[in-house]
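**Student:** Prediction below, plus the sequence it came from.
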Amino acid sequence: MKHVLLFFIGLIGLTCFAQQNQIEIAPGQDIVATPMVDRDTFNLQFSFPCIAFIGEYGVETNGIDLYVTQWMHDSIARYNQSGTVLDIFSIPGAQKTRDLAYDGQYYYGSPKENYFFVLDMDNKVLIDTVFTTFSIRGMAYDPVENILWASEKWDPVFYKMDFQGNVLDSWEASGITIGSISGLAYDNTSINGPFLWGFSQESSGAMIVKYDIAAQAQTGNMIDVAGLTSNDAYAGGLFLRALNGSSDVTMGGLIQNELIFALELSYANSLVDVGAPDMLTAFNIYPNPANDFVIVHLQLSDQGKIQYQITNQLGQVVQQKNLYITGSKDLNINTSQFEPGIYFVQISNGKGYSFTQKFVKGN
């Protein structure tokens, strides 16, 4: 009986290890997901499970179908918006592709190397392999300037480049910002744009982040979409495009090996812009970086119940409380016992709005 029990324990361990190896995880990320927002609160246009193959990572759309790449091998899947797999194929010479971009004719993606592929998905042909001076992970197409954007490795370092791989500009998001960027999308339709949107594996494992290109900084709050799955969530690719000829723009993404989702860009902006929903009119953290304490300043447009939760960089909850707030409130949080590192303060009202800010605990 003892040998049988040890066999099953070993089998479970091997299964967990195999599942981890099917997902590409940013260094230092060990998610312990405790999502505060349920999937029904995102006004999803659609969501469906990943069923084409193991290792689904990148996702991009031509406005009708969705193409998904395999980070660990060379498979590509074509889904419709109902989640039916229409085709699975490979393109000789293109393998281990991560995030995708689409310019209306060709798709672009890199195997996290200093080059990217130019792919004709219709004819299943590799058009070109273009070399660059940096290692690419996320990719996005800018239709205004007819150029490409790319993120380097997992970092919030963004490169503007032409189709020959020449770097036209580059910048690192300033201030305290989120890293572990797995996917990228370009946005020239939101007010006061253009923006880049990133899909990050920090905190819950699936956080959507908005970057102001002109300010070269993260803007607003982050959208935690880890609650779309009951399993641990790890961000993959991200896209932004109007679907089915609609004038409304859709933001979509892929949680690795779990699901593909889409929500309206206007709704995503309402979650990122803290002033848009009825819940919060102010959400600030200071001092930042912090040592012995941090103050979280909240201003509600009306009275109501909130939950605040603090997680470390591994996604582990270090503090959580439910509060009833009327108007303005300063939460004085003792951080003297916190280990040095990055922490996330997440505020939720239980009605679909969840906001996250980041602070650094010093030595």
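**Tutor:** Yep, that arrived.

**Student:** so Asp128 touches Phe116, yeah?
**Tutor:** No: judged on CB atoms under 8 Å, Asp128 makes no contact with Phe116 at a distance of 9.1 Å. For every residue, glycine as well, the C-beta is placed using N, CA and C.

**Student:** More neighbours: which of the two?
**Tutor:** Here Asp128 and Phe116 are set side by side on neighbour count (other CB atoms under 10 Å), and the busier one is Phe116, at 26 against 15.

**Student:** hang on, that one in a helix?
**Tutor:** No: secondary structure of Phe116, determined by DSSP: H, G, I helix; E, B strand; the rest coil: strand, with no helix assignment.

**Student:** from here on, count from 56
**Tutor:** Fine by me, first position is 56 from now on; the one you just mentioned is Phe171.

**Student:** Read off the pLDDT value for it.
**Tutor:** pLDDT for Phe171: 98.

**Student:** For it, list the residues it contacts.
**Tutor:** Shown in contact with Phe171 (CB atoms under 8 Å, 6 or more residues apart in numbering): Tyr163, Gly164, Ser165, Thr184, Val185, Thr187, Ile191, Met194, Leu203, Ala205, Gly220.

**Student:** Identify the residues contacting stretch 375-391?
**Tutor:** 337, 345-355, 358-365, 374, 398, 416.

**Student:** and His352, how many neighbours?
**Tutor:** Other residues lying near His352 total 13 when counted by other CB under 10 Å.

**Student:** Name the helix or strand for it, please.
**Tutor:** When elements are assigned from DSSP states H and E, His352 belongs to strand 348-355.

**Student:** who does that strand pair up with?
**Tutor:** For strand 348-355, the pairing partners within the sheet under DSSP bridges are strand 335-341 (antiparallel), strand 383-389 (antiparallel).

**Student:** Grab the nearest non-local neighbour of Asp197.
**Tutor:** Distances taken as CB to CB, 6 or more residues apart in numbering put Tyr241 closest to Asp197, at 4.9 Å, once the chain neighbours are dropped.

**Student:** domain parsing for the chain?
**Tutor:** For the chain, automatic domain parsing gives the domain ranges 99-327, 335-416.

**Student:** ends of the longest one, how far apart?
**Tutor:** In other words, domain 99-327. One end of domain 99-327 sits 16 Å from the other (CA to CA, to the nearest Å).

**Student:** same question, stretch 342-360
**Tutor:** Taking CA to CA, the first and last residues of stretch 342-360 lie 25 Å apart.

**Student:** can you check stretch 131-151 too?
**Tutor:** Its first and final residues considered, stretch 131-151 spans 10 Å by CA to CA.

**Student:** per-residue confidence averaged over that stretch?
**Tutor:** 97.

**Student:** Run the chain-centre distance for it.
**Tutor:** For stretch 131-151, the distance from its own C-alpha centre to the chain's C-alpha centre is 21 Å (CA atoms, centre = their mean, to the nearest Å).

**Student:** got it, and stretch 354-365?
**Tutor:** Chain-centre distance of stretch 354-365: 25 Å, with CA atoms, centre = their mean.

**Student:** What are the buried residues along it?
**Tutor:** Residues of stretch 354-365 classed as buried under the neighbour-count rule (16 or more other CB atoms under 10 Å) are Leu355, Gly359, Ile361, Tyr363, Gln364, Ile365.

**Student:** Tell me which helix or strand the last one sits in.
**Tutor:** According to DSSP H and E, Ile365 maps onto strand 359-367.

**Student:** If anything else comes up later, I'll come back, but that's it for now.
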